[in-house]
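Asker: sequence? don't have it. structure:
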């Protein structure tokens, strides 16, 4: 009997990781687990020991998007330090940043595409897509990797940030974060700045708002912008 117990007990101890591996990584998993309504859900990025809240845009035609960034009304301050951008901040029902570490943990293990949706103050809506999106670890300062631009009317303003490190005012690159009061993958400095100071429409000082240069130029701050990722097949 004693010999039998020494065999059974290790099997019981090793059973717990199976449950951890079944936790949802992204909104695709949330949908596959039976939830098909858009809203806030808990996901478990790979390697995470705690749940992370995120807004899932379930959309239509089997398109499940994990929203990693969203601006819509200026209710949340996006001029923040490195640790805030690393860990995430904001209101998942409104404006927020999911967190660089969470984005890294999600995108390193699977293949993802990116869709950036934006709207101006006259109701115009466009988007920009990228067939491949992922970022490196903190050791590489969360360097951005995108490719395969998909035109949705916005123009490709993000390619200027490709292969660049993330910058905040306390870990600045070419003084871009301090000069334009934001944080992003800067390249002396940017053509896209979703995390800039929220302002209202036209007439703003050059590059001081929420910008997507190839759609509205550098003197117009957008009403809303959202960055969403979706798992795709290899």
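Answerer: On my side now, so go ahead. Everything numeric here is computed off the predicted structure, so don't read it as measured data.
Asker: flag every buried residue along the lengthiest strand in the chain.
Answerer: Scanning the chain for the longest strand, with DSSP state E as the assignment, gives strand 125-135. The neighbour-count check on strand 125-135 (16 or more other C-beta atoms under 10 Å) flags 126, 127, 128, 129, 130, 133, 134, 135 as buried. Quick note: C-beta positions are derived from backbone N, CA and C, even for glycine.
Asker: name the helix or strand for residue 179, please.
Answerer: Element membership for residue 179 (DSSP states H and E) is helix 176-180.
Asker: and residue 222, how many neighbours does it have?
Answerer: As a burial measure, residue 222 scores 25 neighbours (other C-beta atoms under 10 Å).
Asker: would you confirm that it contacts residue 122?
Answerer: No. Using C-beta atoms under 8 Å, residue 222 is not in contact with residue 122; the gap is 11.2 Å.
Asker: rewinding a little: what average pLDDT does the longest strand of the chain get?
Answerer: Average pLDDT, strand 125-135: 98.
Asker: let me know the next secondary structure element after it.
Answerer: strand 144-152.
Asker: ok, and what's touching that next one?
Answerer: With C-beta atoms under 8 Å, 6 or more residues apart in numbering as the test, strand 144-152 has contacts from 113-115, 126-136, 156, 158-159, 161-164, 166, 185.
Asker: can you give me the helices for the chain?
Answerer: 2-13, 16-21, 27-32, 82-87, 100-107, 176-180, 213-216 (DSSP state H).
Asker: who's in contact with the fifth one?
Answerer: The contact list for helix 100-107, computed with C-beta under 8 Å, 6+ apart, reads 25-26, 43, 45-48, 52, 66, 68, 85-88, 112, 133-138, 142, 166, 229.
Asker: can you tell me the centre-most residue of this protein?
Answerer: By C-alpha atoms, centre = their mean, the chain has its centre lying nearest to residue 68, at 2.6 Å.
Asker: hang on, isn't that residue packed against residue 98?
Answerer: Yes. If you go by C-beta under 8 Å, residue 68 and residue 98 touch, sitting 4.3 Å apart.
Asker: which neighbours do those two share?
Answerer: Residues touching both residue 68 and residue 98 by C-beta under 8 Å, 6+ apart: residue 54.
Asker: what sits against residue 210?
Answerer: With C-beta under 8 Å, 6+ apart, residue 210 has these contacts: 71, 193, 194, 195, 196, 197, 198, 199, 221, 222, 225.
Asker: one more pass at 7 Å, please.
Answerer: 71, 193, 194, 196, 198, 221, 222, 225 (C-beta atoms under 7 Å, 6 or more residues apart in numbering).
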